[in-house]
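Asker: below: sequence and its predicted model.
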Amino acid sequence: MPPVHAEVQVRPGVEGDLVALTDLYNHYVRETAVTFDTVPFTPAERRPWLLSHPVDGPHRLMVATDAAYGRVLGYASSSPFRAKPAYATSVETTVYVAPDAGRRGIGTLLYQALFGALAGEGLHRAYAGIAQPNAASTRLHERFGFRYVGTYREVGHKFGRWWDVAWHEKEL
């Protein structure tokens, strides 16, 4: 299916998105190794994550919705890369798209909005850890200028097997 950008609105995430964002993330928790969380979250448990992404600053949350119905189609976020102060100019980015909304260019729209919002925030690097295999996510990140820097081998254990994570970085 070709991209249908006119039907998609991208905006900062708000507290009213919490239930839909939690449901979307929980799909990936339950069904995939894309995230290494293993137990689904309640909206109350996920609320601190949402609140850690204000509408300004280096840690953002962008949400794609269906323009006609307001249904959440996906989100992209930038979060602290590591907790220590010297890492403050680096962020980790991620994208999640609803399973029935893939291949419509939503991930691209989300990253365009996210990186546009991060411009001028004094950031130096963005990092993305991609559980392997995930060719679609790798292609998306490469389109946005991320380059492969290395793989953590068998770093996560989920669904009874070990998973590698390939790390990519982008100069900001």
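Answerer: The structure has been received and is ready for your questions.
Asker: nearest spatial neighbour of residue 38, chain-adjacent residues omitted?
Answerer: In this structure, residue 38 finds its nearest non-sequential neighbour in residue 158, 6.0 Å apart by Cβ to Cβ, 6 or more residues apart in numbering. Any C-beta I mention is one placed from the backbone N, CA and C, and that applies to glycine too.
Asker: contact partners for that neighbour?
Answerer: Listed by Cβ atoms under 8 Å, 6 or more residues apart in numbering, the contact partners of residue 158 are 33, 36, 38.
Asker: could you export the residues you listed as CSV, including pLDDT, neighbour count and distance to residue 85?
Answerer: As requested, those are arranged in CSV below (pLDDT from 0 to 100; neighbours: other Cβ atoms under 10 Å; distance: Cβ to Cβ, whole Å):
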residue, pLDDT, neighbour count, distance to residue 85
33, 97, 20, 32
36, 98, 14, 25
38, 98, 12, 30
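Asker: taking the residues you listed one by one, which sit in strands?
Answerer: Among the contacts of residue 158, no member falls in strands (criterion: DSSP state E).
Asker: using TSV, please lay out those residues together with distance to residue 120.
Answerer: Listed next are those as TSV, based on distance: Cβ to Cβ, whole Å:
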residue	distance to residue 120
33	35
36	32
38	37
